[in-house]
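fold the following, please.
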Amino acid sequence: MDAYDKGSTARRSDPEPRPDPLRSPAPDEVPEAGHVPEPDLPSPSLTSPPLTPSPSPLSATPRIGLSALSLRYQIAAACALVVVALVACVHVAMVFLHVAPSNTVSKQYGRAVDSWIYPEFEQNWKLFAPNPLQQNIAVQARAEVRTADGGTRTTGWYDLSARDGADIDGNLLPSHTQQNELRRAWDFYVSAHDSENRPNGLRGQLSERYIRRIVVLRLSHEDGLTADGKTAVGKQPTIARVQVRSRTTNVAPPPWSDEKVDPKPLYREVPWWTVTVADRALDSNNSQSHSQGQNGNSTRARAATDGTDAR
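Numbering: from 1, shown residues only. You can find the predicted model right below:
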């Protein structure tokens, strides 16, 4: 029984405890032969990674610019920016009025503009040069004619610009000739001559011939005048010489402006020009074309009456 009990007791008894790998052996303990002690390794369950604090939303993006300043300095910086912007706008406006053509605003505040500009910001250039046209320029002409009895007489002044204006008024599609021919011819003459009507080279002579032929062509249809003295009716007064002048008047200022202008017209007369053979030939060709057009219209009118085709 004792052996059985001893054996059964041996079976039911707990096994010998295993050595703790984490516990270091005592100094007086001697390891058994053939037994290799396991190294002391930290247990994974006993160690944990260090905890790092999560960044706060405010510290994620650092403040820069005005937002980094305190409220007091932010207000001061905003006021400084407003002052700089206002000064820049005033400076640009003053420079614009200084270089712009003379107008109501620049005349009224001329002293303030000059005190701001001079001497540090003086400008030696002009804006919108040349100045917009503020004058009405009319081209007028008259003729010296030879009558059928051999005498001469001088006609009155014909306002050719007024004739063009009357043709343009109410015309939805005015021709290029009505709008620009006479005006550009006079501009060409003025730019090619000095104030004493002396031509500046070949362009001056060309401008004289150009405007003279325009005047002869237009006066030949006034009061039965002709350049060659021959018409279908018979002998007519012949244009021997022509004279051209310009009448310049200032445009009246608007009612709200205190600007004062001289309403008196200014005249510029050119010397008398003798009508040449080339001028007469030009007018003869134009008269023949005009008469052929009238004859063609008469022929078509008669053909329409007779019921036939004029072609």
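
any regions of this protein where pLDDT drops low?
Applying pLDDT under 70 to the chain flags the ranges 1-60, 66, 124-133, 223-236, 281-311.

all strands of it, in order?
Under the criterion DSSP state E, strands of the chain are mapped to 135-146, 152-154, 158-159, 238-250, 266-269, 273-274.

contact partners of the second one?
Counting by C-beta atoms under 8 Å, 6 or more residues apart in numbering, strand 152-154 makes contact with 142-147, 237, 240, all of which sit outside it. Where you see a C-beta, it was placed from the backbone N, CA and C, and this is true even at glycine.

wait, doesn't L266 sit right on T248?
Yes. The pair formed by L266 and T248 meets the contact definition of C-beta atoms under 8 Å, at 4.5 Å.

now the strands of the chain as JSON lines including mean neighbour count and distance to A192?
Below are the strands of the chain laid out as JSON lines (neighbours: other C-beta atoms under 10 Å; distance: least, C-beta to C-beta, whole Å):
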{"stretch": "strand 135-146", "mean neighbour count": "19", "distance to A192": "15"}
{"stretch": "strand 152-154", "mean neighbour count": "11", "distance to A192": "27"}
{"stretch": "strand 158-159", "mean neighbour count": "16", "distance to A192": "23"}
{"stretch": "strand 238-250", "mean neighbour count": "18", "distance to A192": "14"}
{"stretch": "strand 266-269", "mean neighbour count": "12", "distance to A192": "14"}
{"stretch": "strand 273-274", "mean neighbour count": "14", "distance to A192": "15"}
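
state the distance from Y267 to P119.
According to C-beta to C-beta, to the nearest Å, Y267 and P119 sit 42 Å apart.

what's the answer for P174, then?
From P174 to P119 the distance is 51 Å (C-beta to C-beta).

check V190 too.
Counting by C-beta to C-beta - V190 and P119 are separated by 37 Å.

higher neighbour count, the two?
V190 (15 against 5; other C-beta atoms under 10 Å).

now do the contacts for that one.
Contacts of V190 (C-beta under 8 Å, 6+ apart): S246.
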